[in-house]
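[1] no sequence on this one, just coordinates:
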């Protein structure tokens, strides 16, 4: 049970990292970097997930990555793309800050729900 709670905290931390890096990329970077931000953030999350899974499950690394971590990473990729679109709309002033926060909360619920589906 403690391992499950730890993995849930790690997943939430990854999503918050994506959210913070997306906001920073949109706030302080040029247009080319803004377009590359979601794939770069996703690669960063893949790398961090690989490092953490190596640290916790060194003998089962490949089975753990492909059977357990891959669905979560696909969810994070979808979440980063949606967040990229929402932040672009926010930058163009088509939605306000409340809409961005609402979408971020929905994405957190979506990612955590997909993660919890494996244990229910």
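    Structure received. Given the structure is predicted, the values throughout are model-derived calculations rather than measurements.
[2] Report the rounded mean pLDDT for the helix or strand harbouring residue 106.
    Using DSSP states H and E, residue 106 maps to helix 97-117. Taken as a whole, helix 97-117 has an average pLDDT of 72.
[3] Show me what it is packed against.
    With contacts taken as 3 or more CB pairs under 8 Å, 6 or more residues apart in numbering; DSSP states H and E, helix 97-117 sits against helix 2-28, helix 70-91. C-beta coordinates here come from the backbone N, C-alpha and C atoms, glycine included.
[4] helices and strands of the chain: which one has the lowest mean pLDDT?
    Among the helical and strand segments of the chain, the one scoring lowest on mean pLDDT, DSSP states H and E is helix 61-64, with a mean of 53.
[5] For burial, what's the neighbour tally of residue 12?
    Residue 12: 14 surrounding residues under other CB atoms under 10 Å.
[6] ok, it to residue 90 distance?
    Plainly put, residue 12 is 22 Å away from residue 90 if you go by CB to CB, to the nearest Å.
[7] One more: residue 113?
    In this structure, residue 113 and residue 90 are separated by 24 Å, where distance is defined by CB to CB.
[8] neighbour count winner among those two?
    Neighbours per residue, other CB under 10 Å: of residue 113 and residue 90, the larger number sits with residue 90, 17 against 11.
[9] which non-adjacent residue is nearest the more buried one?
    residue 100 (5.0 Å; CB to CB, 6 or more residues apart in numbering).
[10] how close does that neighbour get to residue 87?
    7 Å.
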